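Trainee: here is a sequence with its predicted model. Questions after.
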Amino acid sequence: MGKRALVLSLAMAAAVVAAGEIKVSESEVGKGYSQTSVNTAIFRSSSVVSADSAGVRLQFVSYYNGDGKLTIGKRRGEGGKWETKVTDYRAKVEDGHNVISMTVDGDGYLHVCYDHHGSPLHYRKSVKPYGLELTEELSMTGEDEGAVTYPEFHTLPSGNLAFLYRTGSSGNGDMVMNTYEVRAKKWSRRQRNLIDGEGKRNAYWQMTIDRKGRIHLSWVWRETWMVETNHDMCYAYSDDEGVTWRRSDGKQYQLPIKMETAEVAWKIEQKSELINQTSMATDNKCRPYIATYWREKGETVPQYRLVWHDGKKWQMSVVSDRKTPFSLAGGGTKMIPIARPRFVIGKKAAYYIFRDAERGSKVGVYTCKKMSKKGAKWSVVDLTDYSVGAWEPSFDEELWRKEGKLDIFVQTTFQGDGEKTVSHEATPVKVLSIR
């Protein structure tokens, strides 16, 4: 579509929570590789990220272009024109795991990690603050960098960075955490093995940082390579940038965390269509929310859900009312009829972002005015009038955290089941803004 503005009808606007009109605008960045979901997998952190430079907001985006080359984009302000830089690196984009993760540190340097599925570390920084030109590939700590999967950056309130990844393999992997100190411009090892699979299983996690700097971490266990062996939603938090970790009741973990010591926020059996690697958020009281989906015992249809802590105990809210059953089984990247969800919660509303074949595989959002132990009331609306294929949501977390505005990475992508490609031309990469 290129640049355009969609003004939703008043009926739709009412369904989305806020009174009056809700404006959704799309800004096209360029064309991206679309034959797998590598540009649109949910475990990208982050696909879009904002930073302030001398009082001007800059926004950065990353993706693989139609030739599979690592590409970085930048714009000034909300309606600025996108400037892009195509690097010399061609990724193995035929594997949907090999995503790009990106962030900006407290000094304005971009940090970019890309092309990993049990692969050696691929990491670069920008040559100068807020610039698009990147260095040659760098090491971080030099340890455990030979088999990296699921890399993700998080910016801490201090301006320092956290970097997480899995070393090992599906069903037999450990979780590593590095930290980057802005003043020293140096990476160090924070946790060699934060969550220990004990050679029998591995954790698939999601993480968020609240406004006070507390790191919230949740995960499901997987017993083998097969997705149907996912089970249980577990939880931990850290108040000191990942040095010590605690349960929701404040009791300190002995590290590494193992299955027998992990706090189970919600008990979920294997073969429940429980998905891995979804998202977390916190409310204005810094309470954690975990967005995911699974099928309850005795039911046939997986539903979108929230597992959340009310300050005293864990609660669970069913978000969707889906009608179509499906089953998760096997290994590799799956072509699933629904996307893994992203969730954010602000002062006025909660937003649960998704894609569902039942609704034409458009970008959609469930919204709720108030979370309640007695059951939240959710409304749903489509944010695009076209299918986005295998897309899953990722968004500008810094912009949401600082300004309460949602900018979502959107691209129509395709995915063959079990790491297969789908022949298709490059498709537009867009940033969709909800205001």
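Mentor: On my side now, so go ahead.
Trainee: any regions of the stretch 1-150 of the chain where pLDDT drops low?
Mentor: Applying pLDDT under 70 to the stretch 1-150 of the chain flags the ranges 1-22.
Trainee: which stretches in it count as helices?
Mentor: Ranges of helices within the stretch 1-150 of the chain are 10-15, based on DSSP state H, counting those that start in this stretch.
Trainee: which parts of it are strands?
Mentor: Assigned by DSSP state E, counting those that start in this stretch, the strands in the stretch 1-150 of the chain fall at 4-7, 23-32, 48-53, 56-64, 69-76, 83-90, 100-104, 110-114, 123-125, 148-155.
Trainee: closest to residue 241 out of the ones you listed?
Mentor: Among these, strand 148-155 comes nearest to residue 241, with 10.1 Å by C-beta to C-beta. Where C-beta positions appear, they are placed from N, C-alpha and C, glycine not excepted.
Trainee: packing partners of that closest one?
Mentor: Using 3 or more C-beta pairs under 8 Å, 6 or more residues apart in numbering; DSSP states H and E as the contact test, the elements touching strand 148-155 are strand 100-104, strand 110-114, strand 161-169, strand 202-209.
Trainee: got the contact list for the second one?
Mentor: Contacts made with strand 110-114 from outside it, assessed by C-beta atoms under 8 Å, 6 or more residues apart in numbering, are listed as 60, 62, 70, 72, 89, 91, 98-105, 121-126, 130-132, 134, 151, 153, 161, 163, 180.
Trainee: same check, this time on the longest one
Mentor: The set of residues external to strand 161-169 that reach it, using C-beta under 8 Å, 6+ apart, is 103, 105, 111, 113, 116, 118, 140, 144, 147-156, 173-180, 182, 187, 190, 197, 202, 205, 207, 209, 215, 225, 241-242.
Trainee: average pLDDT for it?
Mentor: Strand 161-169 comes out with an average pLDDT of 91.
Trainee: that one pairs with which strands, and in what direction?
Mentor: Taking DSSP bridges as the criterion, strand 161-169 forms sheet pairs with strand 148-155 (antiparallel), strand 172-181 (antiparallel).
Trainee: among those strands, which comes closest to residue 376?
Mentor: With C-beta to C-beta as the yardstick, what comes closest out of these is strand 148-155 (27.1 Å).
Trainee: hmm, back to that, now render the helices and strands packed on strand 148-155 as CSV, adding distance to residue 287 and mean neighbour count.
Mentor: Formatted as CSV, those follow (distance: least, C-beta to C-beta, whole Å; neighbours: other C-beta atoms under 10 Å):
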stretch, distance to residue 287, mean neighbour count
strand 100-104, 25, 25
strand 110-114, 29, 23
strand 161-169, 21, 21
strand 202-209, 11, 23
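Trainee: so which of those strands is nearest residue 354?
Mentor: That would be strand 202-209 among the helices and strands packed on strand 148-155, by C-beta to C-beta, at 15.1 Å.
Trainee: the closest one pairs with which strands?
Mentor: strand 215-222 (antiparallel).
Trainee: following the partner strand, which helix or strand comes up?
Mentor: strand 230-238 (DSSP states H and E).
Trainee: correct me if wrong: residue 391 contacts residue 363.
Mentor: Yes - between residue 391 and residue 363 there is a contact under C-beta atoms under 8 Å: 7.2 Å.
Trainee: pull up the overlap in contacts between those two.
Mentor: In contact with both residue 391 and residue 363: 355, 410, using C-beta under 8 Å, 6+ apart.
Trainee: more neighbours: which of the two?
Mentor: residue 391 (28 against 24; other C-beta atoms under 10 Å).
Trainee: excluding chain neighbours, what is closest to the more buried one?
Mentor: Of all residues not flanking residue 391 in the chain, residue 40 sits nearest, at 4.4 Å (C-beta to C-beta, 6 or more residues apart in numbering).
Trainee: can you redo the strands of the stretch 1-150 of the chain as a markdown table with distance to residue 232?
Mentor: Listed next are the strands of the stretch 1-150 of the chain as a markdown table, based on distance: least, C-beta to C-beta, whole Å:
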| stretch | distance to residue 232 |
| --- | --- |
| strand 4-7 | 40 |
| strand 23-32 | 35 |
| strand 48-53 | 31 |
| strand 56-64 | 33 |
| strand 69-76 | 36 |
| strand 83-90 | 38 |
| strand 100-104 | 26 |
| strand 110-114 | 28 |
| strand 123-125 | 32 |
| strand 148-155 | 19 |
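Trainee: tell me who's in contact with residue 109.
Mentor: 125, 126, 128, 129.
Trainee: emit the ChimeraX select command for whichever of the residues you listed are buried.
Mentor: Buried residues within those, by 16 or more other C-beta atoms under 10 Å, are selected in ChimeraX with:
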select :125,126
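Trainee: from the contacts of residue 109, which single one is nearest residue 274?
Mentor: Distances from residue 274 to the contacts of residue 109, taken by C-beta to C-beta, are shortest for residue 125, at 36.8 Å.
Trainee: okay, the closest one and residue 360: tell me how far apart.
Mentor: 41 Å (C-beta to C-beta, to the nearest Å).
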